[in-house]
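Trainee: Build the 3D model from these lines:
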Amino acid sequence: MKIILINRYLHPDESATSRMSSSLASAFAARGFRVIGLASRDLHNDRRQRLPADDRLGDLAIHRLATTRFGRSRLWGRAIDYLTFHLSAALWTLLHARRGDVCIVCTDPPLLSVTLALPLRLKGARMVNWLHDLFPEVALQLSVPGADRLGSTALRLRDWSLARARYNVAPIAAMTRLLGGRGVPAGTLVTIRHWADGDGIRPVGRKDNALRRDWGLADKFVVGYSGNLGRAHEFDTILDAAERLKDREDIRFLFVGNGHKRAEVERRVRDHGLDNVVFRPLQPRERLAESLGAADAHLVSLLPPLEPCIIPSKFYGILAAGRPTLFVGDLDGEVARAVDHGDCGHAVAIGDGEGLARHIVALREAPATCDRMGANARRLFEAEYTEGRGCAEWIQLMASLLPQPESAGARHTGEPLAQESKAS
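Mentor: Residues are numbered from 1 along each chain as shown. From the prediction side, this is the model:
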């Protein structure tokens, strides 16, 4: 018996779900389980590179499926890429899944659980859904073209597939509650929080940070935004704060990353003459600690209607890097509550650019407070969001489905197995 983990991107891709899925699959393999990762042959932000069909990451075997490669720039091309991945994954499952196998199905591409529910049942394999986000709820909230026509059908199919899974794993309790309210069986619902690599991402001192020097930010107070500038994120409040602070020579806003809204953000920066805003590309994994450490405080934003459907994964990297978080969104949402609980930043409502600017100035003028909140962030990370803890909870979940491998004790995560939390 084996574990099959399916996500459209796996190592060496650097997207958030790829890093998370690759680390979990590697943890299973290190624990002695036989693991196969299924992915596409593409990188999420580089269509020029074609990855080999078969690869390894330590003890983890990775097989990459044949798909089209239209890319992310047009919705029709993305839809065809999704469809061909669905078809390739279903065919591979029919050919290679065996009775007793466990297939962990991620949510990239969307609705993959719908396509794989019947093939897995036919082969006698068990499905575990890892819900990084919820589709079609996200598409409906963002008014993605066509979502309004297909949304109700997609919801019924998605819920049907979740009801046939052995477990449905969500990263936040709000998502678990939403699914329970939609009739997904309570016995299948499990909450396991996401995580970041606390060894690869550690606090980097400002004076020791080469990127701060290379980017001309060594003597500035830097407010950073790192990662995807996507449809789910709100930037008007952030840019309003930047405009209010554009005459402060000692404060800079740093955007590191790409995404659907980057061009729009850049256009507004140009139109309003915001010379205090700079853009840089995503950095390779080996420089991620420096990249996150280049900022004195980090911005996270999320549209409030999406709170139960998405958790901004960048938040965990910010905590690991030991930097305060400035959250823009629902003041009663997951990130806002965590920031308040950990005393590691501030939260403002969407539209409160004045309040955001005020918090930025306060951190700039009270470096001891900024440092204290950064230290609190790292403590919160080590207490609740480490990779070891998340993987330990997953290993415990797998132990309820698969016999423990002979080498199960050979390499322990170093942290106690946490109790899984199920919706009541």
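Trainee: Can you show me the CA trace of whichever helix or strand Leu397 is part of as CSV?
Mentor: According to DSSP states H and E, Leu397 maps onto helix 387-399. What follows is helix 387-399, C-alpha atoms only, in CSV (Å, rounded to 0.1, in the frame of the first residue of the first chain):
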residue,chain,number,x,y,z
GLU,A,387,6.4,22.1,9.7
GLY,A,388,7.2,19.4,12.2
ARG,A,389,3.9,19.9,14.0
GLY,A,390,1.8,20.0,10.9
CYS,A,391,3.5,16.9,9.4
ALA,A,392,3.1,15.1,12.7
GLU,A,393,-0.6,15.7,12.7
TRP,A,394,-0.8,14.4,9.1
ILE,A,395,1.3,11.3,10.0
GLN,A,396,-1.1,10.5,12.8
LEU,A,397,-4.0,10.8,10.4
MET,A,398,-2.3,8.4,8.0
ALA,A,399,-1.6,6.0,10.8
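Trainee: other SSEs contacting that helix?
Mentor: Secondary-structure packing of helix 387-399 (3 or more CB pairs under 8 Å, 6 or more residues apart in numbering; DSSP states H and E): helix 16-30, strand 167-170. (C-beta placed from N, C-alpha, C; glycine too.)
Trainee: tell me which residues of the longest one are tucked away?
Mentor: Applying a neighbour-count criterion of 16 or more other CB atoms under 10 Å, one finds 16-30 buried in helix 16-30.
Trainee: By pLDDT, rank the residues you listed and give me the bottom one.
Mentor: Minimum pLDDT for the buried residues of helix 16-30 is recorded at Ala16 (87).
Trainee: what's the closest non-adjacent residue to Gln141?
Mentor: Pro305 (4.7 Å; CB to CB, 6 or more residues apart in numbering).
Trainee: helix/strand/coil for the one you found?
Mentor: helix (DSSP: H, G, I helix; E, B strand; the rest coil).
Trainee: Distance to Ala90 added to the helices and strands packed on helix 387-399, as JSON lines?
Mentor: Output for the helices and strands packed on helix 387-399, formatted as JSON lines (distance: least, CB to CB, whole Å):
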{"stretch": "helix 16-30", "distance to Ala90": "19"}
{"stretch": "strand 167-170", "distance to Ala90": "20"}
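Trainee: ok so, going back, number of residues surrounding the residue nearest to Gln141?
Mentor: When neighbours are counted by other CB atoms under 10 Å, Pro305 registers 14.
Trainee: where's it relative to Gly329, distance?
Mentor: Distance, Pro305 to Gly329, using CB to CB, to the nearest Å: 10 Å.
Trainee: can you give me the strands in the stretch 51-200 of the chain?
Mentor: Here the stretch 51-200 of the chain has its strands, by DSSP state E, counting those that start in this stretch, at 54-57, 60-65, 102-105, 126-130, 167-170, 189-191.
Trainee: Turn those strands into JSON lines, columns for mean pLDDT.
Mentor: Shown next, in JSON lines, are those (pLDDT from 0 to 100):
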{"stretch": "strand 54-57", "mean pLDDT": "94"}
{"stretch": "strand 60-65", "mean pLDDT": "96"}
{"stretch": "strand 102-105", "mean pLDDT": "98"}
{"stretch": "strand 126-130", "mean pLDDT": "98"}
{"stretch": "strand 167-170", "mean pLDDT": "98"}
{"stretch": "strand 189-191", "mean pLDDT": "98"}
